[in-house]
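Enquirer: Sequence first, then the predicted structure, then my questions.
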Amino acid sequence: MGRLEDLLGLDHPIVLGPFGAGMSSVALTAAVSDAGGLGSYGGNALPPDRLTDLVAELKAATSRSFAVNLWVPQPEEQDAVATEADVERLRPYYDALGLTPPTLVPPLDFADQAAALLAAEPPAISFVMGVPPADVLAQARRKGIVTIGTATTVDEAIALDEAGLDVVVASGSDAGGHRGAFLRPARESLVGTFSLVPQVADKVSAPVVAAGGIADRRGVVAALALGADGVQVGTGFLVTEESAVGEAHLRALLGEEAKVTVLTRLFSGRTARAIPNAFVREMAGFEDAVPPYPVQNQLMLPIRRAGGADHINLWSGQAAPLVRRRKAAEYLADLAGLTGE
C-alpha cells in the first residue's frame, strides 16, 4: 500500500473531489468510501449545526474514511459590500425571472464551522483557498483527524507542507469548479496538472494528490508516474448516479457543450471553471467588475436557483468529454484498474 492508503485506511489512492453547495451527497460520499476510496463532502455553505449533523449522517452511512471540506476565508473578502452598481448590473435577470434582489447576510464564520467539525471528529477535514489556522491544525492532530490542504502552485504546496498538513492536493488549472489560489491571484496561478504535480512532489514531504483533468485510468497512471501518491477526481464522479447534480447540469456535462470550458468570476466572485452558458456569454464584459465572494455569490443565488440551464453555474473540468453516467463504485473500479477499462 502507498502512503495515502496507509494514512487514511484506503484500498485505492482515489479521492472524491468535494463539490459545492447542492451537488455533494451523503450517498455519493459513502459510495466512494465503501468502494475503497476517500469520499468527500463540500461543507463550505453549511452552518455549524448542519456540519455536526452531516458528520453523524456520514458515519452512519459508511464505516470507512471520509473527508468534509471547508473554504479558508480570504482576508480581503471579509469587508466586501454590495454597491448599487453591483445590484443594477444583475437587474435585468432579476426582472426577467420575477425576482427581488436578495438581502445580503454576513458570511458563515469559519472559526465556528471548524470548531463544529473538530468536535464532530470526521476522519479527515480538507481545506481549499488557504492555509488553515495553526490552532485548527493542532486540534485536528490531537484528535487524530487527517488534514488535507489544496495548492494551485508549488509555493502554495510548500506553505501547506510547512504548516503541517498531512496531505497536499496539487490542483491543476484543468480542474472544474473554484480555483483555490491563495498566495497570488488566480489568473497568476494557472498551472496545468501535469506540470504542477512533479514540481510539488519534488518539494514537499507530505503525500501528494493530483487533481484536475483526471477522468479515467490513463490519467491515474500518468499522475502516479509523475510522483503523485493518489488522485482526486471531481467531474467524473459528478455525473455518477449517486451525485446530487441537477438535471440541467448533468445534461451539459454529458453533452457536446462540455468540450468548452471557461474561467469565470461571474457566479461567485471567485474564479471557477465552468461550461459557458447564456449568462456567462452575456456578462463576459463584467468579469473584472463584479464584487468579490461572498457578495457576488449571494447576489447570484436567487438567479441560479430560478434561472435554469442558461443561468446556473455549470462547473466542469477540462476532461468532461471522457466521463459517462454510471454508479460510483463502478467508476472507482475503472479508475483503480480493476476492470480493464
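Expert: All right, it came through fine.
Enquirer: C-alpha from now on. contacts and neighbour counts both.
Expert: OK.
Enquirer: In which helix or strand does Ala157 reside?
Expert: helix 154-163 (DSSP states H and E).
Enquirer: And for that helix, what's in contact with it?
Expert: Applying Cα atoms under 8 Å, 6 or more residues apart in numbering, the contact partners of helix 154-163 are 131, 134, 149-151, 167-170, 181-183, 196, 199-200, 203-206.
Enquirer: Could you rerun that using 7 Å?
Expert: 131, 149, 151, 168, 183, 196, 199-200, 203-206 (Cα atoms under 7 Å, 6 or more residues apart in numbering).
Enquirer: ditto for stretch 216-236
Expert: So stretch 216-236 is contacted by 2-4, 13-17, 176, 197-198, 201, 207-211, 214-215, 316-317, 320, 323, 334-337 (Cα under 7 Å, 6+ apart).
Enquirer: which of these count as buried?
Expert: Buried members of these, counted by 16 or more other Cα atoms under 10 Å: 3-4, 13-17, 176, 197-198, 201, 207-211, 214-215, 316-317, 320, 323, 334-337.
Enquirer: Of those residues, which belong to helices?
Expert: 3-4, 197-198, 201, 334-335 (DSSP state H).
Enquirer: of all these, which comes closest to Ser63?
Expert: Nearest to Ser63, judged by Cα to Cα, of these is Leu4 at 17.8 Å.
Enquirer: Check the gap between the closest one and Gln232 for me.
Expert: 12 Å (Cα to Cα, to the nearest Å).
Enquirer: Show the low-confidence segments of the protein, by residue range.
Expert: For the chain, the stretches with pLDDT under 70 are 340-341.
Enquirer: quick one: the strands in it?
Expert: 14-16, 39-42, 66-71, 124-128, 146-151, 167-171, 177-178, 208-211, 230-233, 262-264, 272-274 (DSSP state E).
Enquirer: helices and strands around the third one, which ones?
Expert: In terms of contact count using 3 or more Cα pairs under 7 Å, 6 or more residues apart in numbering; DSSP states H and E, strand 66-71 is assigned the packing partners strand 39-42, strand 124-128.
Enquirer: Pull out the buried residues from the longest helix seen in the chain.
Expert: Longest among the helix segments of the chain by residue count, using DSSP H, is helix 48-61. By neighbour count on 16+ other Cα under 10 Å, the buried set for helix 48-61 is 48, 51-52, 54-55, 58-59, 61.
Enquirer: Stretch 159-166 now?
Expert: So, applying 16+ other Cα under 10 Å, buried residues of stretch 159-166: 159-161, 164-166.
Enquirer: In JSON lines: those, plus distance to Pro73.
Expert: Formatted as JSON lines, the buried residues of stretch 159-166 follow (distance: Cα to Cα, whole Å):
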{"residue": "Ala159", "distance to Pro73": "16"}
{"residue": "Leu160", "distance to Pro73": "15"}
{"residue": "Asp161", "distance to Pro73": "19"}
{"residue": "Gly164", "distance to Pro73": "19"}
{"residue": "Leu165", "distance to Pro73": "17"}
{"residue": "Asp166", "distance to Pro73": "20"}
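Enquirer: out of those residues, who's nearest Phe66?
Expert: Asp166 (14.5 Å).
Enquirer: Could you tell me which residues make contact with the closest one?
Expert: Shown in contact with Asp166 (Cα under 7 Å, 6+ apart): 146-148, 206.
Enquirer: For these, pick the one with the most neighbours.
Expert: Ile148 (26 neighbours; other Cα atoms under 10 Å).
Enquirer: what is it paired to in the beta sheet?
Expert: Ser126, Val167 (DSSP bridges).
Enquirer: Check Val209 too.
Expert: With DSSP bridges as the rule, Val209 is bridged to Val169, Gly230.
Enquirer: re earlier: using CSV, please lay out the strands of the chain together with distance to Ala140.
Expert: Shown next, in CSV, are the strands of the chain (distance: least, Cα to Cα, whole Å):
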stretch, distance to Ala140
strand 14-16, 20
strand 39-42, 17
strand 66-71, 13
strand 124-128, 8
strand 146-151, 7
strand 167-171, 13
strand 177-178, 25
strand 208-211, 19
strand 230-233, 22
strand 262-264, 33
strand 272-274, 29
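Enquirer: For Glu84, find the nearest of those.
Expert: Nearest to Glu84, of the strands of the chain and by Cα to Cα, is strand 262-264 at 21.7 Å.
Enquirer: And the helices in the stretch 201-341 of the chain, which stretches?
Expert: For the stretch 201-341 of the chain, the helices defined by DSSP state H, counting those that start in this stretch cover 217-225, 235-238, 247-254, 278-282, 295-306, 328-335.
Enquirer: Most tightly packed of those?
Expert: helix 235-238 (a mean of 28; mean count of other Cα atoms under 10 Å).
Enquirer: can you give me how far it is from the chain middle?
Expert: 11 Å (Cα atoms, centre = their mean, to the nearest Å).
Enquirer: How about exporting it as CSV, limited to the C-alpha atoms?
Expert: Coordinates of each C-alpha in helix 235-238 appear next as CSV, following Å, rounded to 0.1, in the frame of the first residue of the first chain:
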residue,chain,number,x,y,z
THR,A,235,-16.2,15.9,-12.8
GLY,A,236,-16.3,12.1,-13.4
PHE,A,237,-18.0,11.5,-10.1
LEU,A,238,-20.3,14.5,-10.5
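Enquirer: Roughly how far does Val208 sit from Leu253?
Expert: Taken as Cα to Cα, the span from Val208 to Leu253 is 27 Å.
Enquirer: Over to Glu5?
Expert: Glu5 is 30 Å from Leu253, by Cα to Cα.
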